[in-house]
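>>> Compute the structure for the input listed below.
(one chain, ligands or ions: 1)
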Amino acid sequence: MKRIGILTGGGDAPALNAVIRAVTRSANNDGTEVLGFQEGWRGIIEGITMPIDWKTTDDKISEGGTILGSSRTNPFRRNNGVEMLKENFKKFQLDALVVIGGDDTLGVANRLFHEHDVPTVGCPKTIDNDLSATDFTFGYDTAVNIAMESIDKLITTARSHRRVIVVEIMGRHAGWIAAGAGIAGGADVTLVPENPFSLDRICKTLRRNRERGKLYNIVAVAEGAKLGGGEDFHTQDDGVDEFGHIRLGGIAKALAREIEDRTGYESRHVVLGHLQRGGHPSAFDRVLGTRVGIKSLRDAQSRRVRKDDCAQGR
Ligand code: F6P
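Residues are numbered from 1 along each chain as shown. Okay, the predicted model is just below:
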């Protein structure tokens, strides 16, 4: 194997650079060159490259974000996107493409592999941790710790002002980050999309905790949490991305208002948003990212990226 391409797509996640570094260094150790494509699928469609090697990735393990840049570009939604991508695959003389991304990015990789014979290895990434067949995805540990530490900080001001603070936590339609941060941060109530909630029950819990002598409350709410029992609750921002996904957001603000109206407790809301994807990755994520990167490279080398080889069970 002479040269492989690599790209990162979708929302960035802590430890993406650890994966890029592991793929690159393992490849270089075996005499394989690595060519980076910038900004997700846009990079290979438009031929925006970035040479990377053993040395340039050396100190990147501690950096958040992705040195390659990312986007939510969908080649199947761009005019001639797939054709341009295939031409560049040939032009840059790639033997395989390592694609690091979430369900959308890897959905494209899967289609390129099955419908267009492009040799690809998919490397799963998401802070949301909503992937079957694995306990953890890299990025989750860092994100959940950032959310937990934010709750720790919010407690001191909530306690000082005897307030309710509703903290909105990322995760799209999965409640892993909210659940982890809510439990670890000692929130009074934790709301996840998997378990639709009732406003009555939330307020009852907050009142009960106050009666027990707790003078403030923290509510951890996943951005995708839903109301049960037919109560109407608007939680979505406007706008969709190239994959047709709506942007979630707004639930904490609406919930804080409702709680204040119903209980009379002064309430505030905080949206943690992209802070949860920032900063340095945790040790756990760096190690997991490194392992995932090495495995992706080994899969590329074992020729499992070629449809013919798969069909023949190699
Ligand atoms: O899927 C990762 C994620 O961070 C979700 O938790 C969140 O809903 C979404 O991406 C935000 O996307 P963007 O960075 O496009 O605003």
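
>>> Which residues are in contact with the residue nearest to D104 when sequence neighbours are not counted?
Leaving aside its sequence neighbours, D104 sits nearest to F243 (Cβ to Cβ, 6 or more residues apart in numbering; 4.3 Å). For glycine as for every other residue, the C-beta is placed from the backbone atoms N, C-alpha and C. Going by Cβ atoms under 8 Å, 6 or more residues apart in numbering, F243 touches R72, N74, D104, G107.

>>> Distance check, the first one against G36.
Taking Cβ to Cβ, to the nearest Å as the criterion, R72 is separated from G36 by 18 Å.

>>> got it, and I44?
Counting by Cβ to Cβ, the gap from I44 to G36 is 10 Å.

>>> where do the helices sit along the chain?
Listed in chain order, the helices of the chain (DSSP state H) span 16-29, 41-46, 81-91, 103-116, 140-161, 176-185, 199-211, 251-263, 283-301, 307-311.

>>> Any chance of these in CSV with distance to A220 as columns?
Below are the helices of the chain laid out as CSV (distance: least, Cβ to Cβ, whole Å):
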stretch, distance to A220
helix 16-29, 26
helix 41-46, 34
helix 81-91, 40
helix 103-116, 24
helix 140-161, 7
helix 176-185, 3
helix 199-211, 11
helix 251-263, 9
helix 283-301, 21
helix 307-311, 43
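
>>> need those helices in TSV with distance to T134 and mean neighbour count, can you?
Shown next, in TSV, are the helices of the chain (distance: least, Cβ to Cβ, whole Å; neighbours: other Cβ atoms under 10 Å):
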stretch	distance to T134	mean neighbour count
helix 16-29	14	24
helix 41-46	24	25
helix 81-91	28	16
helix 103-116	13	19
helix 140-161	10	19
helix 176-185	12	23
helix 199-211	32	15
helix 251-263	28	19
helix 283-301	10	20
helix 307-311	21	12
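
>>> out of the ones you listed, nearest to D128?
helix 176-185 (6.4 Å; Cβ to Cβ).

>>> close to the ligand, is that closest one?
No. Using Cβ under 6 Å from any ligand atom, helix 176-185 stays clear of the ligand, coming no nearer than 7.3 Å.
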